[in-house]
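Asker: kindly generate the corresponding structure for this input.
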Amino acid sequence: MLTTKKKQAVIKKYQEHKTDTGSKNVQVAMLTERIEVLADHLKKHKKDNHSRRGLIKMVADRRGHIKVLEKTSPAKHKAAMKIIKG
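Answerer: From the prediction side, this is the model:
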């Protein structure tokens, strides 16, 4: 689970303007952070199928956001891909 401080840091790093908290890039970054945390959890708890389902849903959601960015704004799509790759 992400702490409030970690969420604020991610938002601050990827926001487009001062009050931006929900743009596609911020959403992709937040989902990426949550996916990484959940993936670490699942490495320890291999039989936690409920969390695994949540992970799969998050990955699908992130993929959807990236597809929208790819169609609407190639520059933002490129930035989102950098977020995912690290």
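Asker: after the helix or strand harbouring residue 53 comes which helix or strand?
Answerer: In the assignment (DSSP states H and E), residue 53 maps to helix 49-72. Downstream of helix 49-72, the first helix or strand assigned by DSSP H and E is helix 74-85.
Asker: ok, back up a step: which parts of the helix holding residue 53 are buried?
Answerer: Of the residues in helix 49-72, 52, 55, 58, 62, 65, 66, 69 count as buried by neighbour count, 16 or more other CB atoms under 10 Å. C-beta coordinates here come from the backbone N, C-alpha and C atoms, glycine included.
Asker: dump those residues into CSV; add distance to residue 17 and pLDDT as well.
Answerer: Formatted as CSV, those follow (distance: CB to CB, whole Å; pLDDT from 0 to 100):
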residue, distance to residue 17, pLDDT
52, 36, 97
55, 31, 97
58, 26, 97
62, 22, 95
65, 19, 95
66, 21, 93
69, 17, 92
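Asker: residue 11: which of the residues you listed is nearest?
Answerer: residue 65 (15.1 Å; CB to CB).
Asker: pull the contacting residues for residue 31.
Answerer: Residues near residue 31 by CB atoms under 8 Å, 6 or more residues apart in numbering: 58, 61, 62, 65.
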